[in-house]
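Engineer: Got a predicted structure plus its sequence, pasted below:
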Amino acid sequence: MADASLLRIATAPVNWNNSDLPGWREHVPFPRILDEMVRAGYRESEYDTSLGSDLEEISKEMTKRAMSFCGAYFWIDTQDTAAFERDLASVSTRCRLLQRIGCHHLVVSDVLRPLRVAVAGSVPPDGSLALDVEGYSTMADRLRQVAAVGAVHDIAVHYHNHAGTLIETPQELDALVDALGGTGVDLCFDTGHYVFGGGDAAAFVEDHADRIGYVHLKDVDPGVLATGRTLHWGLLDALRHIVFPPLGTGSADIRGIVRLLVDNRFGGYVVIEQDTCKGDPTETARANLEFVVAASESSGQQGTQQEDAP
């Protein structure tokens, strides 16, 4: 099914096993999780450590299902020097693993920070919890170092905006984009986290398509988001209340984002994520894929009609 789309669509283990919420639902073990991905219509997935580290076994099971890996997610501390040096060494180890399993994209984010997790979705607009100019410069320099490690292993590095970190709000992501020039790092734009942080995801894609190399696609339930802000929920509470709903049912304008990606002939991966869901995660993953494929094909047909018009 994913091959029929005009976009390079993939999935991720988080759709079945969310490490941020242990016990949220029954854990789907490897390699059965690969069967669930295939049953939902996917042939490409992100890698994470829930799939294990036995590379021979991983490769065997992926080959058996005609599957491949698109990318992997990694947290780094962009501000604390000692922590960053440890993280950079771990990045090197992870990149060696990714290279061996044929994975060429590393998605990185600043680490979750307790104070920011507590105010996720309600970050003070006065910038009191944001980085200063020096902080953004430090982050950019450290991302440059991560990109250099990735390049040694033929792995592209993409920065992921994430609620509960130092890059959540539109203002914070804009400041980082300004600082990233020359680092070799572009964006893994997460539509759901951007809306969660107060932004218009479709407008960002329209304005910054040339800065986006990888996408995490998810929707946002405006009712859950508003309730969370009123009750001062943190990020994890919002996840428990399904703040990221099935694609096309929320306020992130997923159909419009897909149209923009198709119109811009986006060649990077579009990873469909729904961190928590009601019911069977495999059926949810299938429905989300069907929505994106239909939206992309509709957009492609419209584009062809416009090109053919006299």
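Structural biologist: Yep, it's here.

Engineer: Which strand or helix spans the residue nearest in space to the middle of the chain?
Structural biologist: With distances taken as C-alpha atoms, centre = their mean, the residue of the chain nearest its centroid is His216 (3.3 Å). For His216, the host element (DSSP states H and E) is strand 212-217.

Engineer: Just the CA coordinates for that strand, please, in CSV.
Structural biologist: This file holds the C-alpha atoms of strand 212-217, laid out as CSV (Å, rounded to 0.1, in the frame of the first residue of the first chain):
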residue,chain,number,x,y,z
ILE,A,212,12.9,20.0,5.9
GLY,A,213,14.6,16.7,5.0
TYR,A,214,12.4,14.3,7.0
VAL,A,215,8.9,14.4,8.5
HIS,A,216,7.1,12.9,11.4
LEU,A,217,3.5,13.2,10.6
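
Engineer: Remind me what it packs against, helices and strands.
Structural biologist: Strand 212-217 is packed against strand 105-110, strand 156-160, strand 185-190, helix 191-196, helix 254-263, strand 269-272, with contacts defined by 3 or more C-beta pairs under 8 Å, 6 or more residues apart in numbering; DSSP states H and E. All C-beta atoms are positioned from the backbone trio N, CA, C, and that covers glycine.

Engineer: now what about the shortest one, what contacts it?
Structural biologist: Going back to what we said before, that points to strand 269-272. For strand 269-272, contacts defined as C-beta atoms under 8 Å, 6 or more residues apart in numbering pick out 7-12, 15, 44, 46, 70-71, 105, 214-218, 247, 261, 285, 288-289, 292.

Engineer: who does that strand pair up with?
Structural biologist: strand 8-10 (parallel), strand 212-217 (parallel) (DSSP bridges).

Engineer: how about it as PDB, C-alpha atoms only?
Structural biologist: Only the C-alpha atoms of strand 269-272 are listed here, as PDB (Å, rounded to 0.1, in the frame of the first residue of the first chain):
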ATOM      1  CA  TYR A 269      10.800  10.000   4.400                       C
ATOM      2  CA  VAL A 270       7.300  10.700   5.900                       C
ATOM      3  CA  VAL A 271       7.000   8.700   9.000                       C
ATOM      4  CA  ILE A 272       3.500   8.200  10.300                       C
END
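
Engineer: Give me the below-cutoff pLDDT ranges for the protein.
Structural biologist: 1-4, 300-310 (pLDDT under 70).

Engineer: what ranges do the helices span in the stretch 1-150 of the chain?
Structural biologist: 32-40, 55-64, 81-100, 114-118, 133-152 (DSSP state H, counting those that start in this stretch).
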